[in-house]
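Peer 1: here is a sequence together with a model predicted from it:
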There are 2 protein chains.
Amino acid sequence: MAELGKRAMEGDIRAASRLIRNMEDNLPGTEAEIKDIFPFTGKAHVIGITGSPGAGKSTLTDEMAAAYRKKDKTVGVMAVDPTSPFTGGALLGDRIRMQRHAEDTGVFVRSLATRGAMGGLSKAVGDGIHVLDAMGKDVIIVETVGVGQQEVEIINHAHTVLVVLVPGMGDEVQALKAGLMEIADIFVINKADRDGASKLYQETLNMLQMGKWDDGWIPPIVTVENVADPISFAQSVSDLTDKIDEHYQFLVKSNILAVRKHRKATAEINESLRATILEPILNELTANGELETMIQKIMKRELDPYSLAELVAKKYMAS
Amino acid sequence: MAELGKRAMEGDIRAASRLIRNMEDNLPGTEAEIKDIFPFTGKAHVIGITGSPGAGKSTLTDEMAAAYRKKDKTVGVMAVDPTSPFTGGALLGDRIRMQRHAEDTGVFVRSLATRGAMGGLSKAVGDGIHVLDAMGKDVIIVETVGVGQQEVEIINHAHTVLVVLVPGMGDEVQALKAGLMEIADIFVINKADRDGASKLYQETLNMLQMGKWDDGWIPPIVTVENVADPISFAQSVSDLTDKIDEHYQFLVKSNILAVRKHRKATAEINESLRATILEPILNELTANGELETMIQKIMKRELDPYSLAELVAKKYMAS
């Protein structure tokens, strides 16, 4: 059974795609695949990209992949898209993107959605990173849509976090920046040819000056110019990857890389415990109809959710 | 112990605030409070508001509260803010908002963040709604920041979902609309005096015409005009609340309200099981140092997260 992972490690793109798709669909058997490939993971530099919708993250990711290829590094890209829990259809998923890398076996791109399972997205992202890592990708770029708690959880999987800002968004977006402050290793001001770019730069700088940077890394602000002009765009993004590589060297030298790997391992244990303990219980309660009985009791206010959960715990947990 | 809930039901604002704050901090004892008040819940009309950052949701919520007060309804507002998991500080929380309702005991406003616990935000929102509901609020407005999986989970707690759109956002925002399509009961085009409002209206209408509306409710598009002109703004929002009330009547008559309450109960069971089964295990593993040992093994690639989770399951689960 556990062979998709091995085939992915041998360079079988179809096997890798199918494995990631299975993770997305939370199919049984993917955990066995991870067990197989896990010893061969932990080598890649994982870069997380977050920022508001409309900030141009996809185009930036595309160009970053190209810049890393020029540096002779192999690249894995995972675009994480929110999904409706009602249809299970990926919101921006299945979009045809990064066509320019289609012929290059050094770049592997997958978009990943979730089927609405609680906490399932972060698990699927973590496992998907393991697949790209075991495939031997030097750099893995994880791009998330939106800015929220879920995105912050996903960011736990990254070693270097880019927060992408763009001029001309509303006040609330500016406020969101403050919350992203602490997770950013590098700020990117994208579409820097737009009105308001220098104001945004100054505001971000002001914010940075108010922060405490005890670990010795002050997040730089990198401006990325004019997507419409391919040459200056490529140059800006190449400079950005230099800065990202500099951050990685800093992480290694300062031993902060170990701190981030610790955080990532903690998140993975959280997710594997949920998948191994809670999901089988929910599946059994669903199959034997007890879940429906419980739902009815809650709707009629005959019993509250916490008393019900205690009854379930009594049944399933060792005393 | 379990007395904050009772005091909240008697109209004690401080007790209610403290209880919601305790839920936010995931303090022990809040579940006992919910057990106490749960029989008195389930009466309020819960309205969820979502949409991109910068769409003007806070101002809209504020005005909706005023409109409902004019209809002699009491209002509870919960503004759900994303939080950094690193500092635990609320991003937009503790902001002073809705000052105009400060003297009106018929409006109770709380902002709610989360301390980064996996799945914890949705649980805190659900429990917070129970508090406002038990307090006897006729209408509860839940406003979320951002558009993501987390927000969609929160929306599970609502009976009527408003998706707020605003002219002049980027293409990706337009794409996000497609994903919000299925959860929207009412579309609000906010700041409709801006350039591009009629284009946005037409695009939304086109999307609506492509959808299937088997349950008999076609989401209306309500435009809200000129926040700068208080009178026309108040009138637009008053019309909006009429439309929301119409939706509630539809839910009751069509029995779809029962479907939504079923969905809400399902989400609550998911969350109570996580809190009752998984959290105590994680707390014990943390306290006795086993979690740290597990993290070290994962970092050294001596063992993978799923094999570790199986060992934990063997110890804690009834065989």
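Peer 2: Here it is on my side, so go on.

Peer 1: who touches residue A:261 in this structure?
Peer 2: Going by Cβ atoms under 8 Å, 6 or more residues apart in numbering or on different chains, residue A:261 touches A:42, A:159, B:299. Every residue, glycine included, has its C-beta placed from N, CA and C.

Peer 1: what about the second one, neighbour count?
Peer 2: Spelled out, that is residue A:159. 22 (other Cβ atoms under 10 Å in any protein chain shown).

Peer 1: pretty sure it is touching residue A:248, no?
Peer 2: Yes: under the criterion of Cβ atoms under 8 Å, residue A:159 lies in contact with residue A:248, with a separation of 6.8 Å.

Peer 1: determine the residues that are contacts of both of the two.
Peer 2: When contacts are counted by Cβ under 8 Å, 6+ apart, residue A:159 and residue A:248 have A:45, A:257 as shared neighbours.

Peer 1: helices of the stretch 51-200 of chain A, start to end?
Peer 2: Taking DSSP state H, counting those that start in this stretch as the criterion, the stretch 51-200 of chain A contains helices spanning A:57-70, A:120-134, A:149-155, A:171-180, A:197-210.

Peer 1: got these as JSON lines, with mean neighbour count, mean pLDDT and distance to residue B:22 columns?
Peer 2: Compiled in JSON lines, the helices of the stretch 51-200 of chain A are given as follows (neighbours: other Cβ atoms under 10 Å in any protein chain shown; pLDDT from 0 to 100; distance: least, Cβ to Cβ, whole Å):
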{"stretch": "helix A:57-70", "mean neighbour count": "21", "mean pLDDT": "93", "distance to residue B:22": "37"}
{"stretch": "helix A:120-134", "mean neighbour count": "25", "mean pLDDT": "88", "distance to residue B:22": "26"}
{"stretch": "helix A:149-155", "mean neighbour count": "26", "mean pLDDT": "64", "distance to residue B:22": "19"}
{"stretch": "helix A:171-180", "mean neighbour count": "19", "mean pLDDT": "53", "distance to residue B:22": "23"}
{"stretch": "helix A:197-210", "mean neighbour count": "14", "mean pLDDT": "85", "distance to residue B:22": "30"}
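
Peer 1: surely residue A:213 is within a strand?
Peer 2: No: according to DSSP: H, G, I helix; E, B strand; the rest coil, the state of residue A:213 is coil, so it is not within a strand.

Peer 1: how near is the residue nearest to residue A:43 when sequence neighbours are not counted to chain B?
Peer 2: Spatial nearest neighbour of residue A:43, excluding adjacent residues (Cβ to Cβ, 6 or more residues apart in numbering or on different chains): residue A:133 at 6.3 Å. Separation of residue A:133 from chain B (Cβ to the nearest Cβ, to the nearest Å): 11 Å.

Peer 1: let me see the contact set for residue A:133.
Peer 2: Residues touching residue A:133, when contacts are defined by Cβ under 8 Å, 6+ apart, comprise A:40-44, A:46, A:76, A:140.

Peer 1: ok, those residues vs chain B, which is closest?
Peer 2: Ranking the contacts of residue A:133 by separation from chain B, with Cβ to the nearest Cβ as the measure, puts residue A:42 on top at 5.9 Å.

Peer 1: any idea how many residues pack against that closest one?
Peer 2: With neighbours defined by other Cβ under 10 Å, the count for residue A:42 comes to 16.

Peer 1: same thing with the one 10 residues further on?
Peer 2: Counted with other Cβ under 10 Å, residues neighbouring residue A:52 total 30.

Peer 1: can you pull the buried residues of the longest helix along chain A?
Peer 2: The helix of greatest length in chain A, counted in residues with DSSP state H as the criterion, is given as helix A:230-254. Neighbour counts over helix A:230-254 (16 or more other Cβ atoms under 10 Å in any protein chain shown) mark A:233, A:236-238, A:240-241, A:243-245, A:247-248, A:250-251 as buried.

Peer 1: what of stretch A:309-319?
Peer 2: Going by 16+ other Cβ under 10 Å, stretch A:309-319 has these buried residues: A:309-310, A:312-313, A:316-317.

Peer 1: near chain B, list only the ones from those.
Peer 2: The subset of those lying close to chain B, counting by Cβ under 8 Å from any Cβ of the partner chain, consists of A:309-310, A:312-313, A:316-317.

Peer 1: could you export these as CSV, including pLDDT and secondary structure?
Peer 2: Compiled in CSV, these are given as follows (pLDDT from 0 to 100; DSSP: H, G, I helix; E, B strand; the rest coil):
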residue, pLDDT, secondary structure
A:309, 96, helix
A:310, 96, helix
A:312, 96, helix
A:313, 95, helix
A:316, 94, helix
A:317, 91, strand
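
Peer 1: so which of those residues comes closest to chain B?
Peer 2: residue A:309 (3.7 Å).

Peer 1: quick check, that closest one in contact with residue B:269.
Peer 2: Yes: between residue A:309 and residue B:269 there is a contact at 7.2 Å, judged by Cβ under 8 Å.

Peer 1: quick check: the gap between residue A:250 and chain B.
Peer 2: 18 Å.

Peer 1: again, but for residue A:182
Peer 2: The gap separating residue A:182 from chain B is 5 Å, by Cβ to the nearest Cβ.

Peer 1: could I get the pLDDT score of that residue?
Peer 2: Per-residue pLDDT puts residue A:182 at 72.

Peer 1: also the one 3 residues further on?
Peer 2: As summarised for this prediction, residue A:185 has a pLDDT of 93.

Peer 1: again with residue A:87
Peer 2: Looking at residue A:87, its pLDDT is 34.

Peer 1: quick one: residues contacting residue A:251.
Peer 2: If you count contacts by Cβ under 8 Å, 6+ apart, then residue A:251 has A:159-160, A:257, A:260 around it.

Peer 1: pretty sure residue A:247 contacts residue A:217?
Peer 2: Yes: in this structure, residue A:247 sits in contact with residue A:217. The criterion is Cβ under 8 Å, and the distance is 6.9 Å.

Peer 1: any residues in contact with both of those two?
Peer 2: Taking Cβ under 8 Å, 6+ apart as the contact rule, residue A:247 and residue A:217 both touch residue A:185.

Peer 1: how about residue A:273: what's its closest non-neighbour residue?
Peer 2: Residue A:273's closest residue in space is residue B:309 (Cβ to Cβ, 6+ apart), at 5.0 Å.

Peer 1: I'd say the one you found and residue A:279 touch.
Peer 2: No: at 10.6 Å, residue B:309 and residue A:279 do not qualify as touching, with contact defined as Cβ under 8 Å.

Peer 1: residue A:264: neighbour count?
Peer 2: Residue A:264 sits with 21 neighbouring residues when counted by other Cβ under 10 Å.

Peer 1: what angle do the helix or strand hosting it and helix A:230-254 make?
Peer 2: Element membership of residue A:264, judged by DSSP states H and E, is helix A:256-273. Per axes from the mean of the first three to the mean of the last three Cα atoms, to 10 degrees, the angle that helix A:256-273 makes with helix A:230-254 is 90 degrees.
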